[in-house]
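Engineer: I need the structure of the sequence given here:
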Amino acid sequence: MLLGWSAPSGEQERLRTEFLEHLAGHPDGTDRGCGSGHITVGVVVFDRALANVLLTHHRGLGRWTQLGGHCETGDADLVAAARREAAEESGIPGIEVEPSPLRLDRYRARCRGRDLLHFDVQFAATAPPRAVPEPAAGGDEARWFPVPALPFSADESTRSLVRHALARRGLNP
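Structural biologist: Numbering: from 1, shown residues only. Prediction:
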C-alpha cells in the first residue's frame, strides 16, 4: 500500500520512505513483537454530516485520541486492520474506512513494557447513520465530539488528523 501511496507533502514523503525502510529491514515490522517498532493504524471516524468525530479516551495515555491500534495476523491489509480496530474500540459495526491512507505519523509509545516506535498509517472513515458507540466491557470510553469542540486533552496529532481528513473532503475545519 505504501509503495503506491502518493504522499501529500515532503514531510509525508520522508515518513513514507522511513516506513518502507523499516518494513524492508524487518520482515516482522507489522507485528507488535518487532523489537525496533512496528506499523500501527489510526482511524479518524466521522458521522455522515462530517459534523462530529468519534474519539476514544485512551486510559494509558490519559487523553482523547483517534481510534486505532496494532495489526493482527488475521488482518488482510492495513485497511482491514483499521476497520477492525475502529469496530473493536467503538462497538460500531459497518464503519467505512477509505482505501487510501490519509497521512502517516511516527511516535514513541509504551508497548509490552517497552518504549517502542509506532509507525502509524492513518485513515479517514465514516460511521453508519445514527451510530452509537458501545465499546466492549472494560474497554476505553468512546464518544462523539463536535468537530469545532474537540476535548482539551486531544493532542496535536489527533487534531491534525481531523484537519487533514476534513481538508481531503474540501472542508475548512
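
Engineer: list the contacts for residue 127?
Structural biologist: 45-48, 54, 90, 92, 94-96 (Cβ atoms under 8 Å, 6 or more residues apart in numbering). (Glycine included, C-beta is placed from N, CA and C.)

Engineer: for those, which one is nearest residue 5?
Structural biologist: Nearest to residue 5 among these is residue 96, at 19.0 Å by Cβ to Cβ.

Engineer: For that closest one, give the beta-bridge partners.
Structural biologist: For residue 96, the beta-bridge partners are residue 126 (DSSP bridges).

Engineer: Among the contacts of residue 127, which lie within strands?
Structural biologist: 45-46, 54, 96 (DSSP state E).

Engineer: Near residue 115, how many other residues are there?
Structural biologist: 9 (other Cβ atoms under 10 Å).

Engineer: How about the helix or strand encompassing it, which residues are buried there?
Structural biologist: Residue 115 is part of strand 114-126 when elements are defined by DSSP states H and E. For strand 114-126, the neighbour count (16 or more other Cβ atoms under 10 Å) marks 116-126 as buried.

Engineer: Name the nearest of these relative to residue 133.
Structural biologist: Using Cβ to Cβ, the buried residues of strand 114-126 come closest to residue 133 at residue 125, 13.2 Å.

Engineer: ok, that closest one - contacts?
Structural biologist: By Cβ under 8 Å, 6+ apart, the neighbours of residue 125 are 43-46, 82-83, 86, 95-98.

Engineer: Now which of these would you call buried?
Structural biologist: Looking at the contacts of residue 125 with 16+ other Cβ under 10 Å, the buried ones turn out to be 43-46, 82-83, 86, 95, 97-98.

Engineer: Good, wrapping up.
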